[in-house]
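In: No letters, just coordinates:
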């Protein structure tokens, strides 16, 4: 069973065969797992809460990925990501609702972008909601909390000031599985919470 799961995840994360456009530029079709949601600030310690929400995403592959045409989607609406943003291989990107993020993390020096409308979806609900990363028509990853409202497997809702962090394993790569609350938010890099496994690209993504 373990080898079967390993094969499934390697297939999901392996680079797609490259198509080319009319002038020979490579086009990489989106596949689930090409980018992963790794941490979400659902219940910020400051109000209005929606101004301080943020999401961390990670590129586990070996190819830089453009976020043009991508959006964060909750149970109500989609928030388009800024144009011209690229995530390097193995890198993290923090997507913040707005500049309130710097009030929480004044010394942050990682890769950070703000959403033009100042909201992640409709503003993330504390108790029950879900969040998906969608590029074109493909959902690359998603996480639910509380009952999840259709967002795949749901984690327990975090307390105020906590984040949901991904705990990576063969049984917990996609669809929101393997998330847990952390009292030690760590935007832009692997979490310091000891329950979270260090994020290491799988061999199939190299």
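Out: Looks like it arrived, so ask away. Keep in mind the model is a prediction, meaning the values are calculated, not measured. Numbers count the residues shown, from 1 in each chain.
In: give me every residue that touches residue 56.
Out: With contacts defined as C-beta atoms under 8 Å, 6 or more residues apart in numbering, residue 56 is in contact with 37, 38, 39, 40, 92, 93, 94, 95, 187, 188. (C-beta placed from N, C-alpha, C; glycine too.)
In: An error on my part: the question was meant for residue 135.
Out: Taking C-beta under 8 Å, 6+ apart, we find residue 135 in contact with 30, 34, 35, 67, 69, 70, 71.
In: Give the closest residue to it in space, chain neighbours not counted.
Out: residue 70 (4.1 Å; C-beta to C-beta, 6 or more residues apart in numbering).
In: just to revisit the earlier point, buried ones among the contacts of residue 56?
Out: Taking 16 or more other C-beta atoms under 10 Å as the criterion, what is buried in the contacts of residue 56 is 37, 38, 39, 40, 92, 93, 94, 95, 187, 188.
In: Export those as a markdown table, with columns for pLDDT.
Out: Converted to a markdown table, these look like this (pLDDT from 0 to 100):
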| residue | pLDDT |
| --- | --- |
| 37 | 89 |
| 38 | 89 |
| 39 | 92 |
| 40 | 93 |
| 92 | 92 |
| 93 | 95 |
| 94 | 95 |
| 95 | 95 |
| 187 | 90 |
| 188 | 87 |
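In: hmm, back to that, most widely separated two among the contacts of residue 135?
Out: Maximum pairwise distance in those, criterion C-beta to C-beta, is 15.0 Å, between 34 and 71.
In: Comparing the two, which residue is more hemmed in?
Out: Neighbour tally, residue 34 and residue 71, criterion other C-beta atoms under 10 Å: the higher count belongs to residue 34, 25 against 17.
In: these two touch, right, the residue nearest to residue 135 and residue 132?
Out: No: the pair residue 70 / residue 132 is not scored as a contact, 10.5 Å apart, by C-beta atoms under 8 Å.
In: All the helices of the chain, residue numbers only.
Out: Taking DSSP state H as the test, the helices found in the chain are 2-13, 101-104.
In: For the shortest one, list every residue counted as buried.
Out: In other words, helix 101-104. Buried residues in helix 101-104, defined by neighbour count with 16+ other C-beta under 10 Å: 101, 104.
In: And for stretch 46-64?
Out: Quick answer for stretch 46-64 (16+ other C-beta under 10 Å): 49-61.
In: Okay then, goodbye and thanks.
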